[in-house]
Each structure stands twice: as structure tokens, then as C-alpha cells.
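>>> Based on what follows, work out the 3D shape:
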Amino acid sequence: MAVNEEFISRILSICEAYADEPMSRHTTFRIGGPADVLAEPASVAQLKAVIDLCGEKNVPFTVIGRGSNVLVSDGGVKGAVIKLGPKMSSVRFENGRIYAEAGATLASVYSCAYANGFAGFEKLAGIPGFVGGAIRMNAGAYGIEIKDVLESCDFLENGELKTVSAEEAGLSYRHSIFCDRKDAVIVSAVFKCENRAESREEILREYLTYSAKRRESQPLNMPSAGSTFKRPANGFASRLIDEAGLKGFRIGDAEVSTKHAGFVVNRGGATAEDVLKVIEAVRKTVFEKTGVTLDPEIVYLE
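Okay, the predicted model is just below:
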């Protein structure tokens, strides 16, 4: 069934929602056509009600968080987009663990650990995604991944709230069981705090060190989806792209960053088509020069 006025009216009776909502407002790339309807549930109950309605009306749904690892097509997203963001972003510390909803930022998880004197989250704090997406893709940086700090997570699947341990979530490089189970929606997580610091100053010093590294090496002042390509078996995607002479390569307003070749950035007016063309050109050139096939890390939504 296509999204119609009745469907939108029923969504609005459940939670805050917007019809024909430009996805460029909800992705860090600042790219993307409209979603038929975008819903922002504020609780697990509201989330379940939205998903149940989609099932009842046979409307496909897509779940996003901050939109930091996605590229939305210029034609937008068909069906319902469910955004788990600020309305589901509570974070609390209890008995050596951090409990966070899917829409919480990793920075807020770090801040909670810092406030309670625990280290181990400093390298993750600058990752731009929300907790749900970070678990789904097992986000990582500077040698640490979500799997190193995650204890368990709760998710909705087929109308049932379930829990898996970090081990059961099958976290590997930029992958988890949730990548293969479209209808499984992460709603919250428990992070373990095992490394009590001698002082908060020590934690802050580590955080500031890696924040500075990011600012120095990454194009944080330009819209992007973060790292565009997964790390190949040998070496780094950014190094291969740089050595292929592709820094600054541009189609339309989509450009391989001159600061970090692993990022494709939006210079202001890039379309999804521009980005896809840059990605394909980079993959083709790198393969021709090195024999290495680069796999995109970002998820394409349409």
C-alpha cells in the first residue's frame, strides 16, 4: 500500500510525524529527496505502534538514527522512515553500567562515563552516529569498536522485545546480525564500565587528544557520511585513493576530500547521483591501479 492521508493521520495519532519530509534535513551528508512520511517515536511503545501500523497497511519502513552513515537517493525514500533520535536518547549510569536509548549520541555515552570516572569511551565519542546505528554497524575508531564496550542490547522484532548479548549480536568489522535482519530495530543498549580512571582529568586528556586528531585529519567542516569505504584486507582505503591521485576528484558538488581521501564530501549542492558517480569512479580507478576492490561503507536508501 502507498502512503496516503489515512496512513499519515494514523501515524500522527501515535507520534510526531511529517509528510513529504526532505531527508536532506536528517542526514549528515545533507543530501536526499523526501520521505513519504517521517515518524519520530518517543518510546518503545510508540515505535512498536508505528511498526505494527506499517505491517497492517503493508507500508515498507526504514529506520535511521542521525543519518551519519547513509546516502539517500534524490528521489527520496518510499514508505515510512522511522527516526530514532533525540526523542529516544536518555542515558543513565547505574551499578557500573551505562544504559542508553538508541537515539543517544556516543558523545553522551562518553560524557556519562566521564562523569562517573570511567575511561574507555574517549575514542568513540567523536563518531557522529547514534547508539542504535553504531551497534548495527559495529562502529569504531582508533583501534576500538562498539563490541569492546557493549554488554547487551534490546531490540524489537516481529512485535516482540528481545535482548541479545554483545557476543550474540555477532559484532564484526562494520557488521552485526542487525545488518541481515531488516525488521529488527535496536531500541536500547547496556555498556559496561570496567576501566575506572585515576582521575577525570586523565579521561578528559585522552578525549581531547583524539578530538584534536579528528579535527586535524578529517573534513569535519563539510557535510559527509563519514568514511565512505570499508577498510580493505590489506592497507587503508584512504591511502589507496590518495596514491591513485584522487584527492580533490569531483563530480558536481561531490568531492573526494582534499584533507582525507577516505571521505567523499558535499561541497554544498551535491546530489546523491553525484556521490554515486564519484564512488564508482574511485572504485574503478583504484581497482585498475591496484587490483583492490573497495566496498562502500555507507548505506544507500531509496
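>>> Would you map out the domains in this protein?
According to automatic domain parsing, the chain comprises the domains 5-85, 89-215, 237-301.
>>> Now do residue 28 against residue 251, distance only.
Noted for residue 28: a distance of 20 Å to residue 251, by CB to CB, to the nearest Å. (C-beta placed from N, C-alpha, C; glycine too.)
>>> so which of the domains of the chain is the most packed in?
When you average the neighbours per residue for each of these (mean count of other CB atoms under 10 Å), domain 5-85 leads with a mean of 20.
>>> Start and end of it, how far apart?
25 Å (CA to CA, to the nearest Å).
>>> what do you get for stretch 130-148?
Stretch 130-148 end-to-end distance (CA to CA) = 17 Å.
>>> returning to what we had before: need the domains of the chain in CSV (columns: mean pLDDT and distance to residue 228).
Formatted as CSV, these follow (pLDDT from 0 to 100; distance: least, CB to CB, whole Å):
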stretch, mean pLDDT, distance to residue 228
domain 5-85, 97, 9
domain 89-215, 96, 12
domain 237-301, 97, 5
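>>> Mind jotting down where the helices sit in the chain?
For the chain, helices defined by DSSP state H occupy the ranges 5-12, 44-57, 106-115, 131-136, 200-217, 237-243, 272-290.
>>> Dump those to JSON lines, plus distance to residue 188.
Shown next, in JSON lines, are those (distance: least, CB to CB, whole Å):
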{"stretch": "helix 5-12", "distance to residue 188": "22"}
{"stretch": "helix 44-57", "distance to residue 188": "8"}
{"stretch": "helix 106-115", "distance to residue 188": "12"}
{"stretch": "helix 131-136", "distance to residue 188": "8"}
{"stretch": "helix 200-217", "distance to residue 188": "24"}
{"stretch": "helix 237-243", "distance to residue 188": "32"}
{"stretch": "helix 272-290", "distance to residue 188": "31"}
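>>> Compare those helices and give me the one nearest residue 73.
Closest to residue 73 of the helices of the chain, according to CB to CB: helix 272-290, at 5.0 Å.
>>> so what secondary structure elements neighbour the closest one?
When contacts are defined as 3 or more CB pairs under 8 Å, 6 or more residues apart in numbering; DSSP states H and E, helix 272-290 packs onto strand 70-72, helix 237-243, strand 250-251, strand 254-256, strand 264-266.
>>> Reformat the domains of the chain as JSON lines; add distance to residue 230.
Listed next are the domains of the chain as JSON lines, based on distance: least, CB to CB, whole Å:
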{"stretch": "domain 5-85", "distance to residue 230": "11"}
{"stretch": "domain 89-215", "distance to residue 230": "6"}
{"stretch": "domain 237-301", "distance to residue 230": "5"}
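>>> Select, out of these, the one closest to residue 222.
Once the domains of the chain are compared by CB to CB, domain 237-301 is nearest, at 4.1 Å.
>>> Quote the end-to-end distance of the closest one.
23 Å.
>>> most remote residue from this protein's center?
residue 198 (32.1 Å; CA atoms, centre = their mean).
>>> Next, that residue: phi, psi?
Main-chain dihedrals, residue 198, degrees, to the nearest 10: phi -70, psi -30.
>>> and it, how far is that from residue 32?
On the measure of CB to CB, residue 198 and residue 32 end up 46 Å apart.
>>> Same question for residue 144.
30 Å.
>>> do residue 13 as well
Distance from residue 13 to residue 32, by CB to CB: 26 Å.
>>> circling back to that earlier point, nearest to residue 148, out of the helices of the chain?
Across the helices of the chain, closest to residue 148 is helix 131-136 (CB to CB), at 12.0 Å.
>>> got a list of what the nearest residue to residue 118 once chain neighbours are set aside touches?
Sequence neighbours aside, residue 193 is the residue nearest to residue 118 in space, at 3.9 Å (criterion: CB to CB, 6 or more residues apart in numbering). By CB atoms under 8 Å, 6 or more residues apart in numbering, residue 193 lies in contact with 93, 96, 97, 98, 113, 116, 118, 120.
>>> for residue 193, phi and psi?
phi -110, psi 100.
>>> That one and residue 154, how far apart?
In terms of CB to CB, residue 193 sits 18 Å off from residue 154.
>>> Also residue 70?
From residue 70 to residue 154 the distance is 23 Å (CB to CB).
>>> got it, and residue 132?
Counting by CB to CB, the gap from residue 132 to residue 154 is 10 Å.
>>> again with residue 131
Remark: distance between residue 131 and residue 154 (CB to CB) = 11 Å.
>>> close enough to count as contact, residue 36 and residue 19?
Yes: using CB atoms under 8 Å, residue 36 is in contact with residue 19, at 7.2 Å.
>>> Common neighbours of those two, please.
With CB under 8 Å, 6+ apart, residue 36 and residue 19 have common neighbours residue 3.
>>> tell me the contacts of the residue nearest to residue 30 when sequence neighbours are not counted?
Leaving aside its sequence neighbours, residue 30 sits nearest to residue 223 (CB to CB, 6+ apart; 4.2 Å). For residue 223, the contacting residues are 28, 29, 30, 31, 265, 266, by CB under 8 Å, 6+ apart.
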